[in-house]
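Chemist: Got a sequence here, can you build the structure:
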Amino acid sequence: MPLETPARVVQLLADHGYNADRQAVTLLADQPEPRHAIERAVETAPDDAIVISADHVRSVLDEESQSVDYSELDVDGTRNENGTDPAKANPSVSAGTPSTKPQQDGGGSPVETEGLSGPDTPATAGSASEQSSRQQPGTSGDKSITVSGDISSTGTGEYEDFVSVFRDRYETLAGQLRGRVNHRPAETIENMTPGSDAALIGMISDIRTTASGHWLVELEDTTGTFPCLVMKDREFASEALTLLCDEVVAVEGTLADDGGILFVDTLHFPDIPRTHSPSTADRPVEAALISDIHVGSEQFRADAWSEFAAWLHTDEAANVEYLLIAGDMVEGVGVYPGQDEELDVVDVYDQYESFSEHLKDVPGDLEIVMIPGNHDAVRLAEPQPAFDDQLRGIMSAHDATISANPSTVTVEGVTVLMYHGVSLDEVIAELPEEEASYDRPQDAMRHLLRKRHVAPQYGGHTRVAPEEKDHLVIDEVPDIFHTGHVHKLGYGSYHNVTMINSSCWQSQTDFQQSVNLDPDVGYAPIVDLQTLDLTIRQFV
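Modeler: Model (predicted):
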């Protein structure tokens, strides 16, 4: 039998409610019958354990080596009573380029860490091989949802936590760039012969233009900083306009005659591989991707929601089996100036009660995944934790899967990166209008994919919680990138990743009018998970 991949081992452990340290995962993946070893590790785990340790795995393997005849086991780890070849446990998932893709036109703790603790804490945007996941069983057929697992917050808001999160960001993204350049540390480049060719991977600590119109970019790695100059007449010079502080890039070029600056010849982003081949479902099944419902606002479009819910009961929507909601279930309280004057429901818990009633309108067999947004009753700093137990209890309709912002959700084999999208404000504010605008949110999403980070710039519109790891890095390449927040409909394709910003269910508020935001209301993007074809439906 082929060895399981570490990612699959993580998923199988998570199906039982366990995480595991990296060495434990490796030990289990290397076994001739990994699934049986996993079952034994889970069965013999201490009652209070949530993480399977390498020492525990070794003890299980030592016992198994003395007592188990692997020839008697089926592939799922159960005893083979009749000697016949067992069927594989999981259905196959096809992969390939979709037939039609949408085009680009279309009080105790500091505020950054407050409220993130316990088992229901946020999922990372990163690789499944470094996180737990949990299986949400479907109610019929072969329905399948796997959600990236929760993490426990370790951040306290101390200086060391900020250093840790940025160091992890650098190391993770630098790892994706090292195969493309002959990287040298900044301190080594300082001592190289003037006029030499050099390459550096660094986090941008500063960007400024010179008096002559060139761009001076300070790159920092773990050894120091080094200035890099992008000349305005270079073919790629326009790329400098898309750079943000705190993102990680690689440069290649030539040292100046005095060795004090690197003239950049090539600029590399972590980026999504052009060769990415998205996975697809192996049966006709569809998912509705929505966000920004804003129940509790006077401008909540209950009529549009009712039309959408009614449509989901029709034969036309028979293949829609999943509903993915990317944040802002309710309007919240105190989110923007003068909001209290525009509330239909003034108590936030009553808002969630009302949202739950509206959620009951959709078909009961629909599998639902929800993550929070900046209007929801969780901390503002990202990653945002999943809703607490009290709110989960209120929003219990349909037994929805509730995860964190961001989360990586695998639906019928299709990987969906769900991120509410507060950092889109940052990207749109910092980049030239032709590169990113509210009218074309998919352009800003493309830059996030290119930078491989959902919130690359720290300290502006987006609050980021300091942790040991940077859980906002896009480690695993998604098949679909789903955002909301900006209340605009946008969709496109970037390197075979389908991008969808899913509009809203709230008419224009006075605050939105004051900032010239004209929302797109009542749109429901419907994705065919077998082909990744996209259909846009509007309910107004």
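Chemist: This protein: helices as residue ranges?
Modeler: Secondary structure of the chain (DSSP state H): helices located at 6-15, 22-29, 34-43, 54-67, 159-177, 186-190, 302-312, 348-359, 389-394, 423-430, 441-451, 510-514.
Chemist: What's the mean pLDDT across the third one?
Modeler: For helix 34-43, the mean per-residue pLDDT is 79.
Chemist: now the angle from it to helix 54-67?
Modeler: When axes from the mean of the first three to the mean of the last three C-alpha atoms, to 10 degrees is applied, the directions of helix 34-43 and helix 54-67 differ by 120 degrees.
Chemist: Going by neighbour count, which residues in helix 34-43 are buried?
Modeler: 34-42 (16 or more other C-beta atoms under 10 Å). (Glycine included, C-beta is placed from N, CA and C.)
Chemist: if we can go back for a sec, go through the helices of the chain and name the closest to His471.
Modeler: Closest approach to His471 among the helices of the chain is made by helix 159-177 (8.7 Å; C-beta to C-beta).
Chemist: returning to that earlier point: now, the most widely separated pair of the buried residues of helix 34-43?
Modeler: Distance extremes for these: the farthest pair is Pro34 and Val42 at 12.3 Å, using C-beta to C-beta.
Chemist: returning to what we had before: format the helices of the chain as TSV; extra columns: distance to Ala377.
Modeler: Shown next, in TSV, are the helices of the chain (distance: least, C-beta to C-beta, whole Å):
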stretch	distance to Ala377
helix 6-15	27
helix 22-29	34
helix 34-43	34
helix 54-67	38
helix 159-177	24
helix 186-190	44
helix 302-312	20
helix 348-359	5
helix 389-394	6
helix 423-430	21
helix 441-451	25
helix 510-514	19
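Chemist: ok, of the ones you listed, where does mean pLDDT dip lowest?
Modeler: helix 6-15 (a mean of 67).
Chemist: Which helix or strand in this protein has the lowest average pLDDT?
Modeler: Lowest on mean pLDDT, DSSP states H and E among the helices and strands of the chain sits strand 133-137, with a mean of 40.
Chemist: Any buried residues in the top strand by length along the chain, and which?
Modeler: When every strand of the chain is counted residue by residue (DSSP state E), the longest turns out to be strand 197-209. Neighbour-count burial for strand 197-209, counted by 16+ other C-beta under 10 Å, picks out 198-204, 207.
Chemist: Out of the residues you listed, which is nearest to Asp282?
Modeler: Among the buried residues of strand 197-209, Ile201 lies closest to Asp282 (C-beta to C-beta), at 39.3 Å.
Chemist: what residues are up against that closest one?
Modeler: 174, 177-178, 181, 183, 219, 221, 248-250 (C-beta atoms under 8 Å, 6 or more residues apart in numbering).
Chemist: most neighbours, which of those residues?
Modeler: Val248 (29 neighbours; other C-beta atoms under 10 Å).
Chemist: partner residues bridging it?
Modeler: Beta-bridge partners for Val248, by DSSP bridges, are Met203.
Chemist: which ones are touching Asp328?
Modeler: Residues in contact with Asp328 (C-beta under 8 Å, 6+ apart) are 291-294, 372-376, 420, 484-485, 504.
Chemist: Can you get me the start-to-end distance on stretch 474-489?
Modeler: Across stretch 474-489, the terminal residues are separated by 23 Å (C-alpha to C-alpha, to the nearest Å).
Chemist: and what of stretch 340-349?
Modeler: Note: stretch 340-349 ends 15 Å apart using C-alpha to C-alpha.
Chemist: Can you give me the buried ones in it?
Modeler: 342-343, 345, 348.
Chemist: any idea which of these is closest to Leu380?
Modeler: Val348 (14.2 Å).
Chemist: Please list all residues in contact with the closest one.
Modeler: 296, 330, 332-333, 377.
Chemist: how near is Ile189 to Asp197?
Modeler: From Ile189 across to Asp197, the span is 11 Å (C-beta to C-beta, to the nearest Å).
Chemist: wait, Ile207
Modeler: In terms of C-beta to C-beta, Ile207 sits 23 Å off from Asp197.
Chemist: Show me how the protein divides into domains.
Modeler: 6-72, 161-268 (automatic domain parsing).
Chemist: Make CSV from the ones you listed and add distance to Asp528 to it.
Modeler: What follows is the domains of the chain, written out as CSV (distance: least, C-beta to C-beta, whole Å):
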stretch, distance to Asp528
domain 6-72, 25
domain 161-268, 30
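Chemist: Below-threshold pLDDT in the protein: ranges please.
Modeler: Within the chain, the segments meeting pLDDT under 70 span 1-8, 10-11, 14-19, 47-50, 64-142, 149-156.
Chemist: For Tyr419, which non-adjacent residue is spatially closest?
Modeler: In this structure, Tyr419 finds its nearest non-sequential neighbour in Pro406, 3.9 Å apart by C-beta to C-beta, 6 or more residues apart in numbering.
Chemist: Tell me how many other residues crowd the closest residue to Arg40 other than its chain neighbours.
Modeler: Distances taken as C-beta to C-beta, 6+ apart put Val60 closest to Arg40, at 5.0 Å, once the chain neighbours are dropped. Residues lying near Val60 (other C-beta under 10 Å) number 23.
Chemist: re the thing from before, nearest to Ile261, out of the helices of the chain?
Modeler: helix 186-190 (10.3 Å).
Chemist: distance of Arg169 from Leu255?
Modeler: Taking C-beta to C-beta, one finds Arg169 at 27 Å from Leu255.
Chemist: These two: who's more crowded?
Modeler: Arg169 (24 against 20).
Chemist: got the contact list for the residue nearest to the more buried one when sequence neighbours are not counted?
Modeler: Closest residue to Arg169 apart from its sequence neighbours, by C-beta to C-beta, 6+ apart: Asp470 at 4.0 Å. Counting by C-beta under 8 Å, 6+ apart, Asp470 touches 165-166, 168-169, 172, 453.
Chemist: mind putting those residues in a markdown table, distance to Asp389 included?
Modeler: Shown next, in a markdown table, are the contacts of Asp470 (distance: C-beta to C-beta, whole Å):
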| residue | distance to Asp389 |
| --- | --- |
| Val165 | 27 |
| Phe166 | 32 |
| Asp168 | 29 |
| Arg169 | 31 |
| Thr172 | 32 |
| His453 | 31 |
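Chemist: Pull out the buried residues from the residues you listed.
Modeler: 165-166, 168-169, 172, 453.
Chemist: Which one of the residues you listed is nearest to Gln513?
Modeler: Out of the buried ones among the contacts of Asp470, the member with the shortest distance to Gln513 (by C-beta to C-beta) is His453, at 32.0 Å.
Chemist: Wait, the closest one touches His471, no?
Modeler: No: counting by C-beta atoms under 8 Å, His453 does not reach His471; the two are 10.6 Å apart.
Chemist: First-to-last residue distance for stretch 219-235?
Modeler: 21 Å.
Chemist: Quick check: the gap between the closest residue to Glu307 other than its chain neighbours and Asp479.
Modeler: When the adjacent residues along the chain are set aside, Glu307 lies closest to Phe539, with 3.9 Å between them (C-beta to C-beta, 6+ apart). Separation of Phe539 from Asp479 (C-beta to C-beta) stands at 26 Å.
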